[in-house]
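[1] The amino acid sequence is not available; the structure is as follows:
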């Protein structure tokens, strides 16, 4: 507010404003500044793989990207409703970029967001268990409005990893949103998870109620 007021004085615009008009300008400036600082804080805490925006996503039918789906996701209603998104496609076709773009947009809308590579998340869970901080870490994940799990399915899950993933998905089911990006089609996830009972429980909570983006075509990195 102070910076805006100084600018008004320097340009002498304050002389042409009524008291209510001046207050409105100052309050709007304060509101925008607080929103920007909140966005910067949320984006920093999320630790995205890419600095991306929805406007940069290449919406092409040949890539399997429906403009209506991206437009719907941009409203943020899927987060408010606790719905999940599954993004699948070959390596380099833009899964991580789209997930990061949706995450950045969620931060701009004021939603707490966290981005994890699946392998790094399993290591972080293992370390938290050894340090005795697993419960607090799981509670932190539970409260995040949008959790992004990237590179899911690169390796088969061990028994403890299966249970950890089950707990994370169970805590968030129908409450908060999760985006999962994977090179593998959903039909292969049952085998990746391994244990049939746990796989059934995870897929039942995650797959059947999720929005799906199935990317097509060759690697964008290869084209570049």
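    Arrived safely. Just so it is clear, the model here is predicted, and its values are computed rather than measured. Numbers count the residues shown, from 1 in each chain.

[2] and the residue nearest in space to the middle of the chain, which of the three is it?
    The structure's the chain has its C-alpha centroid closest to residue 103; by CA atoms, centre = their mean the separation is 3.3 Å. Going by DSSP: H, G, I helix; E, B strand; the rest coil, the secondary structure assigned to residue 103 is helix.

[3] Quick check: closest non-adjacent residue to it.
    Sequence neighbours aside, residue 113 is the residue nearest to residue 103 in space, at 4.9 Å (criterion: CB to CB, 6 or more residues apart in numbering). The C-beta positions use only the backbone N, C-alpha and C, and glycine is treated the same way.

[4] Next: residue 163.
    Spatially, and ignoring its direct neighbours in sequence, residue 163 is nearest to residue 198 (7.0 Å; CB to CB, 6+ apart).

[5] Residue 112 versus that neighbour, what's the distance?
    Noted for residue 198: a distance of 27 Å to residue 112, by CB to CB, to the nearest Å.

[6] re earlier: what's the following helix or strand after the helix or strand containing the residue nearest to residue 163?
    Secondary-structure assignment from DSSP states H and E places residue 198 in helix 196-206. For helix 196-206, the succeeding helix or strand toward the C-terminus, using DSSP H and E, is strand 211-214.

[7] So which bits of that following strand are buried?
    Residues of strand 211-214 classed as buried by neighbour count (16 or more other CB atoms under 10 Å): residue 213.

[8] Sheet partners, orientation included, of it?
    Strand partners for strand 211-214, identified by DSSP bridges, are recorded as strand 85-88 (parallel).

[9] which outside residues touch the partner strand?
    With contacts defined as CB atoms under 8 Å, 6 or more residues apart in numbering, strand 85-88 is touched by 73, 78, 95, 98-99, 102, 177-186, 206-207, 210-215.

[10] now stretch 125-132
    Counting by CB under 8 Å, 6+ apart, stretch 125-132 makes contact with 134, 136, 137, 160, 161, 164, all of which sit outside it.

[11] Show me which pair in the residues you listed is furthest apart.
    Taking CB to CB as the measure, these reach their widest spread between 136 and 161, a distance of 19.1 Å.

[12] quick one, which of the two is more surrounded?
    Using other CB atoms under 10 Å as the criterion, residue 136 and residue 161 rank with residue 161 on top: 20 against 10.

[13] Much appreciated, bye for now.
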